[in-house]
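Participant: Sharing a model prediction with you, sequence too.
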Amino acid sequence: MKPMTIKSWTAIIPARGGSKGLPQKNTRLLAGKPLYLHSVNQALDAGAKRVVITTNIDDILTTQHERNVTAIRRPERLCNDEVAMSPVVIHAIETQEIEGVFVLLQPTSPLRTVSDIEAAVHLHSKRKFDLVMSVTQQDSSILKGGFLNENRFKPLVDSGYTFQNRQNLPYVVRPNGAVYVADAHWFLENKGFQSDSIGAIEMSPESSIDIDLLEDFMACEALYQSTQPTGSTQ
C-alpha cells in the first residue's frame, strides 16, 4: 500500500560548491544529469509542493528551473567545510519563509528512492517524533569501542558489550544522511536536529552510499546503472 501523503511539504536541497574530496561533485554528471538534479526530481516525484536549493554554485543559480523549484544564494559565511548543516537549513527556512513540514535531501545520496522519502514523510505525519531520518545498518562491533582518557578506557555504551562476541551484539544502525523530515517551526525553535524524539526509516547499505570521493561516485554510478531497466535513457 502506498504511504499516505500530507497536504504540503517543502524540500530543501543543500548544494555547496568547493568540495575538497571531489571537486564540483554536486554538478558532476551522474547518468547524464547533474548530481543535485537527481534529488530535485526525487523530491518532486515524492510530492514536494516546493523545492528550495541552497547553493553558492553559479551554474545552479543561473539555471532555469521548474516553476516550483527555487535556487537561493547561500551566504559565504555558510559555505566553508566547517559549517554544520543546521545553520544552512535555518537560513533557507527564514529567508524563504518555509512553513510546515520540510524534507532535507542531500545531493550526495542519489540512490535513495521516492519510496524512502514517502516513508519518512508518512512516519513524521503520525506526529510521534520531532524528527524523522533515514538510517542504514552499522557494524555492531562499534558497541565494543570506547574513549581513552589518560589510559583509562570508557565504554561508548556499556562495558558488557566490550567483551561480547560480535555475533551476540544487538543490531545497530546509523544515520546515512539521505533524508531528514521535520517541522520548520520546531526546527527554528530547537535550533537544529538534536532531539530525544527521533524516528527512523531504514535504507539498504547499497542505497545509502554517500558521495565524498571519486571512488564513491564511481560506485554510485555503477549501482545506479545496474538498477535501470534495459534500454532506459534516464
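Facilitator: Noted; the coordinates are in hand.

Participant: Now the terminal residues of stretch 141-159, how far apart.
Facilitator: Its first and final residues considered, stretch 141-159 spans 13 Å by Cα to Cα, to the nearest Å.

Participant: Any regions of this protein where pLDDT drops low?
Facilitator: Low-confidence segments of the chain (pLDDT under 70): 1-7, 228-234.

Participant: Helix, strand, or coil at residue 17?
Facilitator: Going by DSSP: H, G, I helix; E, B strand; the rest coil, the secondary structure assigned to residue 17 is coil.

Participant: what's next to stretch 22-42, contact-wise?
Facilitator: Stretch 22-42 is contacted by residues 11, 13, 15-17, 19, 51, 53, 55, 57, 59-60, 65, 69, 105-110, 112-114, 117, 211-214, 216-217, 220-221, 224-225, 228, 234 when judged by Cβ atoms under 8 Å, 6 or more residues apart in numbering. (C-beta placed from N, C-alpha, C; glycine too.)

Participant: how about a cut-off of 6 Å?
Facilitator: Applying Cβ atoms under 6 Å, 6 or more residues apart in numbering, the contact partners of stretch 22-42 are 13, 15, 19, 51, 59, 105, 107, 110, 114, 211, 213-214, 221, 224.

Participant: From these, list just the buried residues.
Facilitator: 13, 15, 19, 51, 105, 107, 110, 211, 221, 224 (16 or more other Cβ atoms under 10 Å).

Participant: Show me these that map onto helices.
Facilitator: Among the buried ones among the contacts of stretch 22-42, the ones falling in helices (DSSP state H) are 221, 224.

Participant: so which two of the buried ones among the contacts of stretch 22-42 are the farthest from each other?
Facilitator: 51 and 221 (23.4 Å; Cβ to Cβ).

Participant: what separates the spatially most central residue of the chain from residue 161, distance-wise?
Facilitator: Compute the mean C-alpha point of the chain, and by Cα atoms, centre = their mean the closest residue is residue 178, 2.7 Å away. To residue 161, residue 178 is 27 Å away according to Cβ to Cβ, to the nearest Å.

Participant: now the contacts of stretch 22-42 in CSV, with distance to residue 130?
Facilitator: Output for the contacts of stretch 22-42, formatted as CSV (distance: Cβ to Cβ, whole Å):
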residue, distance to residue 130
13, 22
15, 26
19, 30
51, 23
59, 35
105, 19
107, 25
110, 27
114, 24
211, 28
213, 33
214, 36
221, 35
224, 32
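
Participant: show me where this protein has helices.
Facilitator: Going by DSSP H, the chain shows helices at 35-45, 58-61, 85-95, 114-125, 159-162, 184-190, 214-227.

Participant: ok, now which ones touch residue 120?
Facilitator: 132, 179, 181, 201.
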